[in-house]
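J.: make a model of this:
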Amino acid sequence: MDVKALLPGISITTITGLAALFLSEHYGAPAMLFALLLGIAMSFLYEDSPCRKGIEFAATFILRVGVALLGLRIALNDLISLGWETVFILILAIASTICLGVILSKQFKLSKSFGALTGGSVAICGASAAMAITAILPEHKDKERDTLVTIIAVTSLSTIAMVVYPIIVTYLGLNDIDSGFFLGGTIHDVAQVVGAGYSISEETGDMSTLVKLVRVSFLMPVVLVMLFIIKLNKNTKSNNAKATKIPVFLIAFIILMFINSFITLPEIILEPATSFSRFALVVSIAAIGMKSNFSKLKCVGFKPIVLMLVETIWIAAFILAAIWII
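T.: Coordinates of the predicted model:
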């Protein structure tokens, strides 16, 4: 690893990440969205620049580190505390949303991988899920563009939901527990779930955060299933296809999740690790923005936005129906 060659790019992505966090804290919008938009504005640095190698490094290696450290936010006790019925509903909601994304992507003449990417992002944990899923999807010419569109749309929809969903649950007369289940089971990003939940009551905030963390815990199982499907498709196309290996960052995520589940880690370890994970994801999203070709982004059209809007409405309707039935 040539550290000297990587340093300019890593420095600029880190500074961009810090700027995104500063703007997020002062203006209340998601840090990942700021990072992406700032990265797109600085995309000229990626073209024939000494920053190129470092930007590539941030968009790949730092991304994987950030995803792996997400394991420290998950504990198996969260699943147990919610009960099997609630967990089963979340599994059905996640699976059906991803399947809907894949099916509709075909109807909209978009790629199946884009449908899986958007479905997984909406179903699990927004931009973080998009980053994890895109890391294992096969390379193709529109991969970075699809990732950018997904992150922008899912973050925007999550922010809108943070404002609108508390109004909906209040209008429907849901109690604090049901409101927390709805908010945690439907809003895409963790930060927006926390904001929406605690805007109603402390009990709603606690419940919505717990449900959201359980949704996040399904990130690795979903990614592993997608990886298995990719492997099957490769083997179908070619008998000599190279076997798809489980990426190291997925293994690290699982190990850290089990450590956090069975060992009580001190806050002096947990807090810096989770903060670094968040910052690593912000930096990597800034790097992906810098790698973007804005002219391609403008040619995307309205279909991807409609697809993600339908997925968002679907998972909200599914969770709401489950609350009423049960």
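
J.: so what's the residue count around residue 65?
T.: For residue 65, the count of nearby residues is 17 (other C-beta atoms under 10 Å). For glycine as for every other residue, the C-beta is placed from the backbone atoms N, C-alpha and C.

J.: pLDDT of stretch 139-152, averaged?
T.: Stretch 139-152 shows a mean pLDDT of 83.

J.: list the buried residues of it.
T.: 142, 143, 144, 145, 146, 147, 148, 149, 150, 151, 152 (16 or more other C-beta atoms under 10 Å).

J.: over to stretch 60-69?
T.: 61, 62, 63, 64, 65, 66, 67, 68, 69.

J.: next one: stretch 44-64
T.: Buried residues in stretch 44-64 (16+ other C-beta under 10 Å): 45-46, 51-59, 61-64.

J.: can you report phi and psi for residue 270?
T.: The phi and psi values for residue 270, taken as degrees, to the nearest 10, are phi -60, psi -50.

J.: assign the closest residue to it other than its chain neighbours to helix, strand or coil.
T.: Distance criterion C-beta to C-beta, 6 or more residues apart in numbering; nearest residue to residue 270, sequence neighbours excluded, is residue 72 at 6.1 Å. Assigned with DSSP: H, G, I helix; E, B strand; the rest coil, residue 72 falls in the helix class.

J.: and residue 72, what pLDDT?
T.: Residue-level pLDDT assigned to residue 72 equals 86.

J.: count the residues that sit near it.
T.: 20.

J.: wait, it touches residue 263, no?
T.: No - using C-beta atoms under 8 Å, residue 72 is not in contact with residue 263; the gap is 10.9 Å.

J.: and the gap between residue 204 and residue 195?
T.: 12 Å (C-beta to C-beta, to the nearest Å).

J.: higher neighbour count, these two?
T.: Each of residue 204 and residue 195 has its neighbours counted (other C-beta under 10 Å); residue 204 has more, 26 against 20.

J.: ok, the more buried one touching residue 183?
T.: Yes - under the criterion of C-beta under 8 Å, residue 204 makes contact with residue 183 at 7.0 Å.

J.: anything in contact with each of the two?
T.: Taking C-beta atoms under 8 Å, 6 or more residues apart in numbering as the contact rule, residue 204 and residue 183 both touch residue 197.

J.: from the chain's centroid, how far away is stretch 122-139?
T.: The chain centre lies 6 Å from the centre of stretch 122-139; the measure is C-alpha atoms, centre = their mean, to the nearest Å.

J.: show me which residues of that stretch are buried.
T.: Buried, per 16+ other C-beta under 10 Å, within stretch 122-139: 122-137.

J.: closest to residue 13 out of the residues you listed?
T.: residue 131 (14.0 Å; C-beta to C-beta).

J.: that closest one sits in which helix or strand?
T.: Assigned by DSSP states H and E, residue 131 belongs to helix 126-134.

J.: remind me what that helix packs against, helices and strands.
T.: helix 63-69, helix 112-120, helix 143-172, helix 190-198, helix 219-237, helix 267-290 (3 or more C-beta pairs under 8 Å, 6 or more residues apart in numbering; DSSP states H and E).

J.: got the angle between the fifth one and helix 126-134?
T.: In this case it means helix 219-237. Here the directions of helix 219-237 and helix 126-134 differ by 30 degrees (axes from the mean of the first three to the mean of the last three C-alpha atoms, to 10 degrees).

J.: ok, then the element right after helix 219-237?
T.: Next along from helix 219-237, by DSSP H and E: helix 248-262.

J.: just want the angle from that following helix to helix 267-290.
T.: Using the same axes, to 10 degrees: helix 248-262 against helix 267-290 is 150 degrees.

J.: can you offset everything so residue one is 11?
T.: With the count now opening at 11, the last piece we talked about shows up as helix 258-272.

J.: buried ones in helix 258-272?
T.: Buried residues in helix 258-272 (16+ other C-beta under 10 Å): 259, 260, 262, 263, 264, 266, 267, 270, 271.
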